[in-house]
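Colleague: pasting the structure only:
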Ligand SMILES: N[C@@H](CCC(=O)N[C@@H](CS)C(=O)NCC(=O)O)C(=O)O
């Protein structure tokens with residue numbers, strides 16, 4: 001298998017964490033994602049991921065899988081141990097709900113192409129883009145904190161083993177800190193991130209800081 005990624009990518013970090021939890025090693029290729037002419041938007045990469053986003057996974061049989069959640073669920077079905085979804089039906093729904101609250105309602109609003117479009121069409125400068133990123137991150141994580149308060153039954157986001165909710169939360173929380181957001185206002189998030197940070201699968205696969 002081969003994973004197309006970028007070291008700063010939060011979405012790719014999710015897949016790197018999942019691979020580490022599974023103990024799976026894959027070939028990797030870094031794809032540039034910054035700037036109007038980023039490698040991710042060139043024809044060669046669009047053949048791999050028509051959305052021009054990382055991550056993408058080239059599976060053993062040559063099939064390409066896009067979207068971090070689809071890749072992670074593929075890996076989970078390919079190698080079921082340790083499971084990345086909780087055992088209980090409602091717990092699985094809660095884990096997916098938290099993962100999607102992060103991927104769709106926070107992360108999707110902060111990616112480089114959003115910043116480029118805000119700058120190109122509305123003349124938004126770097127400071128205003130950072131404010132935009134802080135706004136959607138704080139609003140989204142506030143909602144995630146409430147979801148955690150309703151669904152958390154153990155040391156991690158849902159239970160006593162890390163699951164997809166943790167895999168999506170960790171890189172986003174690291175990114176929030178880098179935006180200058182103090183996570184302390186959210187006790188569940190603060191506690192879960194502290195615990196996840198002690199696990200090498202998470203700590204070693206956090207997104208790299210953007211230079
Ligand atoms: N929902 C997608 C999001 C992928 C995504 O937005 N990736 C970012 C990096 S974290 C990217 O490639 N951005 C390129 C761009 O914005 O131009 C997933 O979960 O895989």
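Modeller: Cool, the structure landed. Source: prediction; values computed, not measured. Numbering: from 1, shown residues only.

Colleague: distance of the most centrally placed residue in the chain from residue 167?
Modeller: A centroid search over the chain (Cα atoms, centre = their mean) returns residue 11, at 3.6 Å, as the residue closest to the centre. Residue 11 sits 11 Å away from residue 167, going by Cβ to Cβ, to the nearest Å. C-beta coordinates here come from the backbone N, C-alpha and C atoms, glycine included.

Colleague: from the ligand, how far off is residue 205?
Modeller: Computed as Cβ to the nearest ligand atom, to the nearest Å, the residue 205 to the ligand distance reads 13 Å.

Colleague: picking up where we left off before, neighbours around the closest residue to the residue nearest to the centre of the chain other than its chain neighbours, how many?
Modeller: Spatially, and ignoring its direct neighbours in sequence, residue 11 is nearest to residue 68 (4.5 Å; Cβ to Cβ, 6 or more residues apart in numbering). Neighbour count of residue 68, defined by other Cβ atoms under 10 Å: 30.

Colleague: again with residue 80
Modeller: The number of residues near residue 80, taken as other Cβ under 10 Å, comes to 11.

Colleague: what sits against it?
Modeller: Residue 80 makes contact with no residue under the criterion Cβ atoms under 8 Å, 6 or more residues apart in numbering.

Colleague: tell me the secondary structure at it.
Modeller: Following DSSP: H, G, I helix; E, B strand; the rest coil, we place residue 80 in the coil state.

Colleague: and the pLDDT at it?
Modeller: As predicted, residue 80 sits at a pLDDT of 98.

Colleague: and it, how far from the ligand?
Modeller: Taking Cβ to the nearest ligand atom, one finds residue 80 at 22 Å from the ligand.

Colleague: list the buried residues in the longest helix seen in the chain.
Modeller: Longest helix in the chain, counting residues (DSSP state H): helix 126-151. For helix 126-151, the neighbour count (16 or more other Cβ atoms under 10 Å) marks 129, 132-133, 136-138, 140-141, 144-145, 147-148, 151 as buried.

Colleague: C-terminal to that helix, what's the next element?
Modeller: helix 164-178 (DSSP states H and E).

Colleague: wait, does that next one contact the ligand?
Modeller: No - using Cβ under 6 Å from any ligand atom, helix 164-178 never reaches the ligand; the gap is at least 8.4 Å.

Colleague: for the nearest residue to residue 206 once chain neighbours are set aside, grab the count of nearby residues.
Modeller: In this structure, residue 206 finds its nearest non-sequential neighbour in residue 174, 5.0 Å apart by Cβ to Cβ, 6+ apart. As a burial measure, residue 174 scores 21 neighbours (other Cβ under 10 Å).

Colleague: please report the distance of residue 174 from the ligand.
Modeller: 12 Å.

Colleague: what of residue 186?
Modeller: 22 Å.

Colleague: wait, what's in contact with the nearest residue in space to that residue that is not next to it in sequence?
Modeller: Nearest residue to residue 186 in three dimensions, chain neighbours excluded: residue 145, at 4.0 Å (Cβ to Cβ, 6+ apart). Under the criterion of Cβ under 8 Å, 6+ apart, the neighbours of residue 145 are 186, 187, 188, 189.
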